[in-house]
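Student: any chance you could fold what I've pasted below:
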Amino acid sequence: MVDDSYLSSAEYKPDRSVLFQKITEIAIPILAGLTVYVAAHDPASIYANLENGAWGGGWITPGLALINLILWLILVPAAVRRSAMLGLSRIPAAAALAGAFFVFYGFGYRSAVHAPVTLWIQMVAACLATALLSYFLFTTGASARPILRGITLGGAALCVEALIHLFSRVETPHQLIALTGNRAASGDPNLANRLGNGMLPYPTLLVSLLLIFASIALGLAVVEKRWQNRLLAVAAYCLNAVCMWLTASRGGVILLALLSLSHLAFSAAEPRKYPSFNKMLAAGAAAAIAIISLFVLKLGLTRGSVLRADGSLASRVHMWRVCWRIFKENPITGGGPGAFLEAWIPYSRKVHYPAYVVPHSLYFGMLS
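Tutor: Just a heads-up that it's a prediction; the model follows:
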């Protein structure tokens, strides 16, 4: 239930509220997009022991997140602010426990890689401020659409910059490698012609960001009222899709296809002018999801297929087995932040795989 009692209270001043609402609708989304853009250039948020530091020593990202939160608290009417503060007592226990686990795990990871404690403070401050702002927006009934527009804009800026870096590394556009088992190219055979790297995340990690941006853009394309905004959302989705293809992440492209079809199925299931056609569209999207999933499973089990041509899928399966073994040995606490690397080094020598630092799966990494 949205608390709108402030609309008739004595504290509510129409002129002031309208002015602040306009400022909030413009400033906060821009700050949200800028925060996302800057955070993506912070390699320390992914690998705490990287030598190339983030912009401003890593303080810009949490600074922007805190400014966004404080700005919202200042600009909204007093009654809305009180409602937001009261909502803190109703945070679901599962979300609170997940946040606490994230904080303690981050501290353990920092200790394992011998990173400075300031890195942990930056990470916690940025995530806490972002989580609080999101919670306040939803508990007070504020529209999330402006924030999602800002995030989409930040993702588009990230894509444009990544494309500029990519084309500056290749002599001709046809050198770009996309969705092939052989990624060999000039320079580093794995990285030279793939989107990402430098001050941007590793290509596979960049895909995880692009999937979120693409999903938000698809959602905006459905819920926006003006056709101009819908067109911009579709353009942002296409930009993210192109960038995902150029990362040469096979899993990323597959997930994008499944994600897009899922959006189509759910959107078509909503009541429309042509219910019969929409039902057929939703059913077709669901059938396509099933067919693609079975096809991918077949490729994953077939030796020499595009998913297994360079052996990366097989090595991942081996890494995930190691993670699962660590979990079974320590089902309550896991093996600790450095457990995977410690267990993988001797195992990799037996199976003749590289000495990977992480298991190429956030979920298995957390599990171990």
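Student: quickly list the domain ranges of the chain.
Tutor: 10-142, 145-304, 312-367 (automatic domain parsing).
Student: who's in contact with the spatially most central residue of the chain?
Tutor: When Cα atoms, centre = their mean is applied to the chain, the residue found nearest the centroid is L209 (3.7 Å). Neighbouring residues of L209 by Cβ atoms under 8 Å, 6 or more residues apart in numbering: A40, G155, L158, P201. C-beta here means a position set from N, CA and C on the backbone, and glycine is covered the same way.
Student: was I right to think Y109 contacts P337?
Tutor: Yes. The criterion here is Cβ atoms under 8 Å, and Y109 meets it with P337 at 4.1 Å.
Student: show me where the stretch 51-200 of the chain has helices.
Tutor: 60-75, 78-87, 93-112, 117-139, 145-169 (DSSP state H, counting those that start in this stretch).
Student: other SSEs contacting the second one?
Tutor: Counting contacts by 3 or more Cβ pairs under 8 Å, 6 or more residues apart in numbering; DSSP states H and E, helix 78-87 is packed against helix 117-139.
Student: how far does the helix it packs on sit from the chain's center?
Tutor: 15 Å (Cα atoms, centre = their mean, to the nearest Å).
Student: so which other helices or strands are in contact with it?
Tutor: If contacts are counted by 3+ Cβ pairs under 8 Å, 6+ apart, helix 117-139 sits against helix 14-39, helix 60-75, helix 78-87, helix 93-112.
Student: for T247, find the nearest of the ones you listed.
Tutor: T247 sits nearest to helix 14-39 of all the helices and strands packed on helix 117-139, at 17.8 Å, using Cβ to Cβ.
Student: what count of nearby residues applies to I291?
Tutor: Per other Cβ atoms under 10 Å, the neighbour tally for I291 reads 11.
Student: in the stretch 101-250 of the chain, what spans have low per-residue confidence?
Tutor: Counting by pLDDT under 70, the stretch 101-250 of the chain contains low-confidence ranges at 112-113, 173-175, 177-192, 198-199.
Student: circling back to that earlier point, ok, which pair from the contacts of L209 is furthest apart?
Tutor: Most distant of these, by Cβ to Cβ, are G155 and P201, 12.9 Å apart.
Student: ok, V317 - contacts?
Tutor: Neighbours of V317 in contact, by Cβ under 8 Å, 6+ apart: none.
Student: and it, how far is that from G336?
Tutor: Separation of V317 from G336 (Cβ to Cβ, to the nearest Å) stands at 23 Å.
Student: before we move on, what about N197?
Tutor: 29 Å.
Student: one more: V242?
Tutor: Distance from V242 to G336, counting by Cβ to Cβ: 40 Å.
Student: follow-up on the earlier one: of all the contacts of L209, which comes closest to A78?
Tutor: Nearest to A78 among the contacts of L209, counting by Cβ to Cβ, is G155 at 33.9 Å.
Student: give me every residue that touches the closest one.
Tutor: G33, V36, L209, L210, I212, F213, I216, A217, A236, N240 are the contacts of G155 under Cβ under 8 Å, 6+ apart.
Student: quick one: it and T140, what's the gap?
Tutor: G155 is 25 Å from T140, by Cβ to Cβ.
Student: to R250, which of the helices and strands packed on helix 117-139 lies closest?
Tutor: helix 14-39 (25.3 Å).
Student: next up, the contacts around P29.
Tutor: Here P29 is in contact with P146, I147, R149, G150, L153 (Cβ under 8 Å, 6+ apart).
Student: let's have these in CSV, adding neighbour count.
Tutor: CSV is the format used below for the contacts of P29 (neighbours: other Cβ atoms under 10 Å):
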residue, neighbour count
P146, 18
I147, 22
R149, 23
G150, 23
L153, 20
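Student: now, which of those sits nearest N278?
Tutor: R149 (26.3 Å).
Student: what does the pLDDT read for the residue lying closest to the closest one once chain neighbours are set aside?
Tutor: Of all residues not flanking R149 in the chain, P29 sits nearest, at 5.3 Å (Cβ to Cβ, 6 or more residues apart in numbering). The model reports P29 with a pLDDT of 84.
Student: many thanks, I have nothing further to ask.
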